[in-house]
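Undergrad: Take this sequence and fold it.
(2 chains)
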There are 2 protein chains.
Amino acid sequence: MMREPYGVRAEGLPERVTIYEVGPRDGLQNESAVIPVEVKAEFITRLAAAGHRVIEATSFVHPKWVPQLADASELLAGMERVPGVRYPVLVPNERGLDRALEHGVQEIAIFGSATETFAAKNLNRTLDSQFEMFEPVVARALEHGLKVRAYVSMCFGDPWEGPTPIGQVVTVGRRLLDLGCFELSLGDTIGVATPGHVSALIEAFGGPSRLAVHFHDTYGQALANTLAALREGVTVVDASTGGIGGCPYAESATGNLATEDLVWMLHGLGIETGLNLESLVETSTWLAERLGRPSTSRVVQALGPKPAR
Amino acid sequence: MMREPYGVRAEGLPERVTIYEVGPRDGLQNESAVIPVEVKAEFITRLAAAGHRVIEATSFVHPKWVPQLADASELLAGMERVPGVRYPVLVPNERGLDRALEHGVQEIAIFGSATETFAAKNLNRTLDSQFEMFEPVVARALEHGLKVRAYVSMCFGDPWEGPTPIGQVVTVGRRLLDLGCFELSLGDTIGVATPGHVSALIEAFGGPSRLAVHFHDTYGQALANTLAALREGVTVVDASTGGIGGCPYAESATGNLATEDLVWMLHGLGIETGLNLESLVETSTWLAERLGRPSTSRVVQALGPKPAR
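TA: This next block holds a predicted model:
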């Protein structure tokens, strides 16, 4: 069994990529069984030990919407923090920002929608009025010296409106960046993107500056889409341990791009990540046991312990 | 639920790709439970109805090695043939060729190894002496007007020798083409390739002429590798329904690149395949029921009927 890929560089790709690990937040948020806060804390500790330098830890979205992360305060109070590792927290509004400030959070992430229907369903706003919600959050966060990342959901299509017009995504994205966000994560929330669409969107932004990508593997396209983004010069890629997570609007066994499969490709391309693949597989295996189901990551399936047949 | 991808073309990719469907042969050959010949015949009929124009039907490898395909004669005698569809058969040696000729087969595929160890284990030959076995097979096949495809296994690495030197793959591949094979399928038998390695190998052949690619999804890289091959100009891609199959030397839940996931990407890139995705998903669902386990294709998991949880 191969334990590590062979590195063969491809021309025109970045030397180094930062993986923005969303497992503890985006990954866990849709889990129905309650996961103890100690498990979440250990998960985060393990991720940092495997070499992660950005770990989205939790969310201050109201527990009515995301009951799994109702323990955000408790987690932030108790979890280990490794110097040099960023632990951003998702924040939906000013109340969320207040709580983040109370806990000494240094980086937050806000989330907008690229489509009218999803803005209505997820934010109870219009495409335009969502910014009234973001403006005071970002302004106050910046005043307090926080870094603010912005997610845009449904950048390639949504279940109601079909394909999202590229110009519309660029407009929403630029407005978020103009508020002062340092990074914009382009989300394929329902996993419908294909590589040409990815390239076209990044080019419509005028290149990769301040862009990150966030792919879901609903139709198996996440890694190919990532390759297209790397070719456009993107150097920040969102992924989740074992591919956990997913969008409740995209019914599928698969969720986010699995960190382990991404790392296999990046290391195979000779791109540095700072991550230890074996530790990642161990952590993913450990997490799968706690979630009570096998990882959807192909790498974990290949390298982790084999389930009984 | 999205039923079809949006087409957004990427520059520099082929207009049209031929999918070489290996499900009935490479896909089924490692199944332990015996599959009735009627099911195999119906599988092939369904594949043609979904638009496939090349379906590798079965193999004349000795039943001692591949008991699942011991019914090759019976299948070839009874299966439906659609005009315009190619139904190649895998042939290991002259005895296999005799049987293929008896059944009026018009296209065969032979299989070589890119590494010394796999040549010994799979063919009981050396890297050099394997050609003594191929030469008379190809010569006689061509005399009878047959087309001959050649597979090369372990083109990127094998479990014993590590990475396969690119020059060695090119030497083996050229010798096969020089025998008169019309197409060379570069096989990543254990799924270890990454996109830069794929590009480098195709470039070492001097470009995509007469090359096909055959990726396994052991580490989740098959579709990203395919994208790299398309960028090099390759227009023939091997895949199997529902991702069935795999190499007994690569223990993993996953096998070949799943045809449905490949078609999603190709159609998303605006590349013609002649295939109907909905029919493919139906056939994959039908096959998964007969095999008694869910498809590993993400597209089938997303679009097919949901398993009970």
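Undergrad: ok, now which ones touch the closest residue to chain B within the stretch 51-200 of chain A?
TA: The minimum distance from the stretch 51-200 of chain A to chain B, using C-beta to the nearest C-beta, falls at A:T194 (2.6 Å). (C-beta placed from N, C-alpha, C; glycine too.) Taking C-beta atoms under 8 Å, 6 or more residues apart in numbering or on different chains, we find A:T194 in contact with A:221, A:224-225, B:5-6, B:8, B:264-265, B:267-269.
Undergrad: swap the cut-off to 7 Å and go again
TA: Residues near A:T194 by C-beta atoms under 7 Å, 6 or more residues apart in numbering or on different chains: A:221, A:225, B:5, B:8, B:265, B:268-269.
Undergrad: Over to A:V8?
TA: A:268, A:270, B:194, B:196-197, B:200.
Undergrad: And the buried ones among these, selectable in ChimeraX?
TA: Command for ChimeraX, covering only those of the contacts of A:V8 found buried under the criterion 16 or more other C-beta atoms under 10 Å in any protein chain shown:
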select /A:268,270 /B:194,196,197,200
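Undergrad: what would the contacts of A:V8 look like in TSV with distance to B:A212, pLDDT and secondary structure?
TA: Shown next, in TSV, are those (distance: C-beta to C-beta, whole Å; pLDDT from 0 to 100; DSSP: H, G, I helix; E, B strand; the rest coil):
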residue	distance to B:A212	pLDDT	secondary structure
A:G268	21	97	helix
A:G270	26	96	coil
B:T194	19	98	coil
B:G196	19	97	helix
B:H197	17	97	helix
B:A200	17	97	helix
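Undergrad: that older thread, what's the closest non-adjacent residue to the residue of the stretch 51-200 of chain A closest to chain B?
TA: In space, and not counting its chain neighbours, A:T194 is closest to B:G268: 2.6 Å by C-beta to C-beta, 6 or more residues apart in numbering or on different chains.
Undergrad: Make sure the one you found is actually in contact with B:P5.
TA: Yes: counting by C-beta atoms under 7 Å, B:P5 is a contact partner of B:G268 at 3.5 Å.
Undergrad: Which residues of the stretch 1-150 of chain A lie near chain B?
TA: Within the stretch 1-150 of chain A, the positions adjacent to chain B are A:1-2, A:5-6, A:8-10 by C-beta under 7 Å from any C-beta of the partner chain.
Undergrad: give me that answer again for 6 Å
TA: A:2, A:5-6, A:8-10 (C-beta under 6 Å from any C-beta of the partner chain).
Undergrad: Give me the subset of these lying in strands.
TA: Using DSSP state E, no member of the residues of the stretch 1-150 of chain A next to chain B sits in strands.
Undergrad: Including distance to A:R25 and pLDDT, could those go into TSV?
TA: Shown next, in TSV, are those (distance: C-beta to C-beta, whole Å; pLDDT from 0 to 100):
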residue	distance to A:R25	pLDDT
A:M2	31	71
A:P5	28	93
A:Y6	33	87
A:V8	34	89
A:R9	33	88
A:A10	31	85
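Undergrad: Show me what secondary structure element comes after the host helix or strand of A:A48.
TA: A:A48 is located in helix A:37-49, with elements delineated by DSSP states H and E. As assigned by DSSP H and E, the chain's next helix or strand after helix A:37-49 is strand A:58-59.
Undergrad: quick one: the helices in chain A?
TA: Taking DSSP state H to define them, one finds helices in chain A at A:37-49, A:72-78, A:94-102, A:116-118, A:130-143, A:166-179, A:195-204, A:222-231, A:259-268, A:277-291, A:298-303.
Undergrad: Between the contacts of A:V8, which sits nearest A:R231?
TA: B:G196 (11.4 Å; C-beta to C-beta).
Undergrad: Quick one: residues contacting the closest one.
TA: Residues near B:G196 by C-beta atoms under 6 Å, 6 or more residues apart in numbering or on different chains: A:8-10, A:269.
Undergrad: And A:S240, how far from A:L186?
TA: To A:L186, A:S240 is 16 Å away according to C-beta to C-beta, to the nearest Å.
Undergrad: Comparing the two, which shows the higher neighbour count?
TA: For A:S240 versus A:L186, the count of surrounding residues by other C-beta atoms under 10 Å in any protein chain shown is larger for A:S240: 31 against 25.
Undergrad: The more buried one reaches A:N256, doesn't it?
TA: Yes: assessed by C-beta atoms under 6 Å, A:S240 is found in contact with A:N256 at 3.8 Å.
Undergrad: to the chain's geometric centre, what's the distance from stretch A:256-276?
TA: Put simply, stretch A:256-276 sits 15 Å off its chain's centre (C-alpha atoms, centre = their mean, to the nearest Å).
Undergrad: Enumerate the positions of that stretch that are buried.
TA: Buried, per 16+ other C-beta under 10 Å, within stretch A:256-276: A:256-271, A:273, A:275-276.
Undergrad: which bits of the stretch 201-309 of chain A sit near chain B?
TA: A:217-221, A:223-224, A:227, A:252-254, A:261, A:264-265, A:268-269, A:298-299, A:301-302.
Undergrad: what about 8 Å?
TA: Residues of the stretch 201-309 of chain A lying near chain B by C-beta under 8 Å from any C-beta of the partner chain: A:217-221, A:223-224, A:226-228, A:250-254, A:258, A:261, A:264-265, A:267-270, A:297-299, A:301-302, A:306.
Undergrad: Can you tell me which of the residues you listed are buried?
TA: Using 16+ other C-beta under 10 Å, the buried ones in these are A:217-221, A:223-224, A:226-228, A:250, A:252-254, A:258, A:261, A:264-265, A:267-270, A:297-299, A:301-302.
Undergrad: how about A:T273, what does it touch?
TA: Contacts of A:T273 (C-beta under 8 Å, 6+ apart): A:16-19, A:51, A:263, A:266-267.
Undergrad: try it again with 10 Å
TA: Residues near A:T273 by C-beta atoms under 10 Å, 6 or more residues apart in numbering or on different chains: A:16-19, A:51-53, A:237, A:259, A:262-263, A:266-267, A:280.
Undergrad: is it true that the residue nearest to A:T194 touches A:S199?
TA: No: contact criterion C-beta atoms under 10 Å: B:G268 and A:S199 do not qualify, at 11.8 Å.
Undergrad: which residues do those two both contact?
TA: A:225, B:8-10.
Undergrad: Going by neighbour count, which of those residues comes out on top?
TA: Ranking these using other C-beta under 10 Å puts A:N225 first, with 30 neighbours.
Undergrad: ok so, going back, what sits in contact with each of A:S240 and A:N256?
TA: A:21-23, A:26-27, A:214, A:216-217, A:246, A:262.
Undergrad: Among those residues, which are located in strands?
TA: Filtering these for strands - DSSP E - leaves A:21, A:214.
Undergrad: so can I have JSON lines of the shared contacts of A:S240 and A:N256 showing distance to A:M79?
TA: Converted to JSON lines, the shared contacts of A:S240 and A:N256 look like this (distance: C-beta to C-beta, whole Å):
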{"residue": "A:E21", "distance to A:M79": "14"}
{"residue": "A:V22", "distance to A:M79": "16"}
{"residue": "A:G23", "distance to A:M79": "14"}
{"residue": "A:D26", "distance to A:M79": "17"}
{"residue": "A:G27", "distance to A:M79": "16"}
{"residue": "A:H214", "distance to A:M79": "23"}
{"residue": "A:H216", "distance to A:M79": "26"}
{"residue": "A:D217", "distance to A:M79": "27"}
{"residue": "A:G246", "distance to A:M79": "24"}
{"residue": "A:L262", "distance to A:M79": "24"}
